[in-house]
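Novice: Return a 3D structure for these sequence lines:
(one chain, ligands or ions: 2)
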Amino acid sequence: SKPIVAIVGRPNVGKSTLFNVLAGEKISIVKDTPGVTRDRIYADVSWLNYDFTVIDTGGLEPETNDEILKHMRTQADIAIDTADVIVFVVDLKQGLVDNDFKVADILRRANKPVLLAVNKVDNFEKYQLDVYEFFNLGLGDPIPVSSASKLGIGDMLDQVVEHF
Ligand code: GDP
Ligand code: MG
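Specialist: Ligands and ions are numbered 1, 2, ... in the order given. Purely as a prediction, here's the structure:
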């Protein structure tokens, strides 16, 4: 069967926006869209000669900090159990936060390839170097992307398919 790529990360980092870019249409619901009930959303994606399935693990996410961490742990476990490659999304605009480190710790211990995508790098010329702060997560070189502006997506996918 096809390889599975799971997208994980804190609420509001842009997981669903990234997923929708990969899916090529609006399947997953970006924040503030009413009527979201599904927990995991799947799309078939092709890149180069590879066909794979991408999962947005975020679903409908909680808002209180305790619940967020619990939810993120569950989503990370789902990704570790089901995915061949995990894309951990963080947010350049919010910067590194404690929950990023906690999820990174879980993902680092998993025996799965994890790519670190730094989203919201809306201007590569201005902000590309700022992503190196996220190197501290211990997940290798950060990959700058802007899901909203569709920047860096191809370079990220090149790295994803290298692990199949
Ligand atoms: P999720 O909770 O991780 O699934 O995040 P969403 O995809 O729902 O996005 C959360 C917010 O971030 C929304 O307001 C998006 O429009 C915004 N967003 C997503 N990607 C980008 C990006 O690349 N740049 C900027 N500036 N905003 C983004
Ligand atoms: Mg979402």
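
Novice: which SS class is Thr53?
Specialist: When classified by DSSP: H, G, I helix; E, B strand; the rest coil, Thr53 comes out as strand.

Novice: partner residues bridging it?
Specialist: The partner list for Thr53 in beta bridges (DSSP bridges) reads Ile4, Asp44.

Novice: Surely it touches Ile41?
Specialist: No: Thr53 is beyond contact range of Ile41, at 10.8 Å (criterion: Cβ atoms under 8 Å). C-beta coordinates here come from the backbone N, C-alpha and C atoms, glycine included.

Novice: Same drill for these two, tell me which one is more crowded.
Specialist: Neighbour tally, Thr53 and Ile41, criterion other Cβ atoms under 10 Å: the higher count belongs to Ile41, 20 against 17.

Novice: burial count for Asn123?
Specialist: Asn123 - counted by other Cβ under 10 Å - has 10 other residues nearby.

Novice: Same check on Val13?
Specialist: Val13 - counted by other Cβ under 10 Å - has 26 other residues nearby.

Novice: Touching, it and Val90? I think so.
Specialist: Yes: counting by Cβ under 8 Å, Val90 is a contact partner of Val13 at 5.9 Å.

Novice: Could you tell me which residues touch both of those two?
Specialist: Asn119 (Cβ atoms under 8 Å, 6 or more residues apart in numbering).

Novice: residues in contact with the least confident helix or strand in the chain by mean pLDDT?
Specialist: The helix or strand of the chain with the poorest confidence is strand 41-47; it has a mean of 88 (mean pLDDT, DSSP states H and E). Here strand 41-47 makes contact (Cβ under 8 Å, 6+ apart) with 2, 5, 16, 19, 22-24, 27-28, 51-56, 59, 157-158, 160-161.

Novice: Just the buried ones from these?
Specialist: By neighbour count, with 16 or more other Cβ atoms under 10 Å, these hold 5, 16, 19, 22-23, 27-28, 52-56, 59, 157, 160-161 as buried.

Novice: I'm done for today, thanks for sticking with me.
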